[in-house]
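K.L.:
Sequence first, then the predicted structure:
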Amino acid sequence: MPTDLLHGLNKQQREAVETVNGPVLIVAGPGSGKTRVITNRIAYLVKVCGVAPYRIGAVTFTNKAARELRERLEPMLGHQAQELTATTFHSFCALVLRKDGHHLGLDKSFAIYDSADQLSLIKRAMKEVDVDAKQFTPGAIQSAISSAKNQLIGVEGFGLNKQNYFDEIVHRVYERYDALLAQSMALDFDDLLFKSHTLFDKFPEVAAKYQERYVHFMIDEFQDTNVTQYAIARLITQKYRNLCVVGDPDQSIYSWRHADIRNILSFKSDFPEAKVIALEENYRSTQTILEAAQRLIEPNKQRVEKALYTKNDRGVPIIVKESYNEQEEAQYVVKEIERLSRQGYRKSDIAVMYRVNAQSRALEEACMRYGMPYLLVGTVRFYQRQEVKDLTAYLRLLENPSDDVSFLRVCNVPTRGIGQRTLDDLQRLARDQNMSMYAAIEMLAGDKDQPLSTVAPLPARSLTALRGFRDLIAGIAEECRTLSLVDTIDLVLKKSGYKDYIQNEADGGDERWENLLEFRNTANEFRDIAPDEALTAFLEQVSLVNDTDNVGAKSDTITLITLHQAKGLEYPVVFIVGMEEGTLPHIRSLTDPEEMEEERRLAYVGVTRAKKLLYLTRVFRRGFQGVSEPKIPSRFLADIPKELTSGSQSDLKQQSFASRAPGWSTPGGQSSRPSISAPSVRIEHSGPEPTRTKISSNSPQQPQQPQRPGQSEAPKTAALKTGDRVRHKKFGEGIVTGTKPTGADLEVTVAFKDGAGVKRLLLSFAPLEKAE
DNA sequence: GCGCTTTGATTTTTT
DNA sequence: ATCAAAGCGC
């Protein structure tokens, strides 16, 4: 029975599964069965070697990867899978710090700041140390600080090694920023890693505990780890040295997030006894696609040669298509997908990939125009929406009133007479007293006794307003102690006046209210957890797991996705759009050879996602921020040999639209009928979309149904479906253009007449009626 | 202190 | 084009 775990594996894969003792480096080419090796290796540790799942840690880079790992191990290990640690690096560190952070003086209820929170605190720090935001953009400073923390450089270290004036400035901000974080009892994403490292480094007894626990440790996507992450892994595995890292340097696409490809080299020197295993057989793609990929990646200087090969068929040529502009490009893609559908491909077999999210727009519009159902992965995250962040800020304050970022975010939303002037005064006071803003109010106005007005006299009116907010938070915090999470949310919404504010005052109020209800819905999942722990757990999920998980939505749709997000996925048919200089090598990478190599790897990642059919499209003109600019073909197109391609490929130096060859050629006019394989990867849904105007994701339950407004169908059941005409109490008549199950509810997207626009509504809440 | 209008930056990718 | 911060009148 245990041999099942080795069955069907090639020699190298088998070796990777069986090598459980000592350090291992697995270099896994695209489509080489990496995920299977990782899961089987863990199962092998448990089932064959008798290692307790509790003693195995596996960290991944994204939530998606972590979830997939757990899902695959579930059927193999059964209930034992629960004991396993399989999570992202950041979640892992958050866990460690909640448990043992007290050694560093960390309060258990620390808040976690995302990039937006981080930026706002950096802006504040800049103001406080007199750094002009015009001269030094907050973004640049944020990136510098983040980069330092991800390279294990703390404030002190940074101060010792300043190279120039900019470093000088960054250092000043860094110092103040860290102080503000401490005062707010908050950690940013980078701190989760950095502080965990400090904890293990400075407290050997804590490190020892984790070394003993994680006898076996694995890192997936090792090429995307940064220096700090790798250092943490080294500290944890110091004792048993059972560290297994898996990665592919050619797929390293996160250096901008401070991932350091050199970790792979360091690994070899840190663990000289490491066994190196290369997985070079590709099971995914046709020979044509694999060869194109190799020719594409070859020009990179910083790489280790790999000899990828496949036993798959030669397949059909790669199709290169030129269009005039992005609208035409999108139209071509949609039309081509319709044609493939008629040939028997399922829409879920097909993905359209692009460099930047902005490119999805033209594609979405084309999909909507032609009634092509699509799933937009990523984009503006659910938890990033204003109203959701506001509510989250209230909840964070209940847990940790010192959280200044959250305090500033909502203390005057809805308005309560706490204006800029008051906040400036309060901030100055807080800074003088070295305390959080909330604490400063306590000091000023804590008791009904005389305020300590000698310190910094505030106008009585301001004081009253501040005290009012303090009382609001303290009151809710007191009252919610015994309440369920959902009840707490209701209490916050009501008492803070936020509900009234959204419903009556804010623009786009109805949609935003629906979003809050959806947020409330996710809180429902925590109903089985004790009230005092539920809030902490919920907030942690909100900060670290930003993709909501809509497994229910299993409709037949095409996928629109960025190249970055596509890593690790595979599709029978892949379109990569925007193969132009300045788009696919991105404009910001044109001058830096290292960044250019990363762009090339990104293209490589895209190409290697394809199993059967690959389309590369480019345009002559592309609109950017309103203006249309001429574009020349991506250098990457020229690196793919002509013999491997077909399609309307004009001379690559040609720029004029007139040079466009007419028509398109079909993929393989030969006998080979495309095989219709199931998509082997589940896509996470990005969650419902932000407050913007257009429909977000358009995934009808009735797959093949065209969604053009006006085509209504005979009504069947009570539930609404695409094409139904409906009436809304406020918005009037409209047509359902999409539906999506969310939990027990159904989210319907409705296009209303009379300029009311497109709205997303939850069926159970929205006053919707079926119309004739 | 608040809300409106103008201005300026913004967009690469994500934990 | 879109959205956040800054400026200005109430």
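P.N.:
Structure received.
K.L.:
Flag every residue of the stretch 651-772 of chain A that's near DNA strand B.
P.N.:
By Cβ under 7 Å from any atom of the strand, no part of the stretch 651-772 of chain A sits against DNA strand B. All C-beta atoms are positioned from the backbone trio N, CA, C, and that covers glycine.
K.L.:
and if you look at the stretch 201-350 of chain A?
P.N.:
A:Ile253, A:Trp256, A:Arg257.
K.L.:
How about the secondary structure of the first one?
P.N.:
For A:Ile253, the reduced secondary structure class is coil; criterion used: DSSP: H, G, I helix; E, B strand; the rest coil.
K.L.:
ok, and the closest non-adjacent residue to it?
P.N.:
Spatial nearest neighbour of A:Ile253, excluding adjacent residues (Cβ to Cβ, 6 or more residues apart in numbering): A:Leu602 at 5.0 Å.
K.L.:
Tell me who's in contact with that neighbour.
P.N.:
A:Ile253, A:Arg355, A:Leu563, A:His564, A:Leu584 (Cβ atoms under 8 Å, 6 or more residues apart in numbering).
K.L.:
Please apply the same query to A:Cys93.
P.N.:
Neighbouring residues of A:Cys93 by Cβ under 8 Å, 6+ apart: A:Leu192, A:Leu193, A:Lys195, A:Ser196, A:Ile232.
K.L.:
Now tabulate these in a markdown table and tack on distance to A:Lys642.
P.N.:
Listed next are those as a markdown table, based on distance: Cβ to Cβ, whole Å:
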| residue | distance to A:Lys642 |
| --- | --- |
| A:Leu192 | 49 |
| A:Leu193 | 46 |
| A:Lys195 | 54 |
| A:Ser196 | 51 |
| A:Ile232 | 48 |
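K.L.:
Between those, which sits nearest A:Glu322?
P.N.:
A:Leu193 (44.5 Å; Cβ to Cβ).
K.L.:
neighbours of the closest one, just the number please.
P.N.:
27 (other Cβ atoms under 10 Å).
K.L.:
Now for it: which residues touch it?
P.N.:
A:Phe89, A:His90, A:Cys93, A:Lys149, A:Asn150, A:Asn226, A:Thr228, A:Gln229, A:Ile232.
K.L.:
Quick check: which element contains it?
P.N.:
helix A:189-202 (DSSP states H and E).
K.L.:
again, but for A:Leu340
P.N.:
Counting by DSSP H and E, A:Leu340 is found in helix A:326-343.
K.L.:
what about that helix, near DNA strand C?
P.N.:
No: if you take Cβ under 7 Å from any atom of the strand as the test, helix A:326-343 misses DNA strand C, and the best it gets is 13.3 Å.
K.L.:
in its sheet, what does the following helix or strand past that helix sit against?
P.N.:
Beyond helix A:326-343 in the direction of the C-terminus, DSSP H and E gives the next helix or strand as strand A:350-354. Taking DSSP bridges as the criterion, strand A:350-354 forms sheet pairs with strand A:558-562 (parallel), strand A:571-576 (parallel).
K.L.:
same for whichever helix or strand comes after strand A:350-354, what does it pack against?
P.N.:
The helix or strand immediately downstream of strand A:350-354 is helix A:360-370, counting by DSSP H and E. Packing partners of helix A:360-370 (3 or more Cβ pairs under 8 Å, 6 or more residues apart in numbering; DSSP states H and E): helix A:326-343, strand A:350-354, strand A:374-376, strand A:558-562.
K.L.:
by how many degrees do helix A:360-370 and strand A:571-576 diverge?
P.N.:
120 degrees (axes from the mean of the first three to the mean of the last three Cα atoms, to 10 degrees).
K.L.:
between helix A:360-370 and helix A:326-343, how big is the angle?
P.N.:
On the basis of the same axes, to 10 degrees, helix A:360-370 is oriented at 50 degrees to helix A:326-343.
K.L.:
Touching, A:Val334 and A:Glu365? I think so.
P.N.:
No: with contact defined as Cβ atoms under 8 Å, A:Val334 does not count as touching A:Glu365 (9.8 Å).
K.L.:
For those two, indicate the residue with more neighbours.
P.N.:
Taking other Cβ under 10 Å, A:Val334 and A:Glu365 do not tie; A:Val334 has more neighbours (23 against 16).
K.L.:
Appreciated, that's everything.
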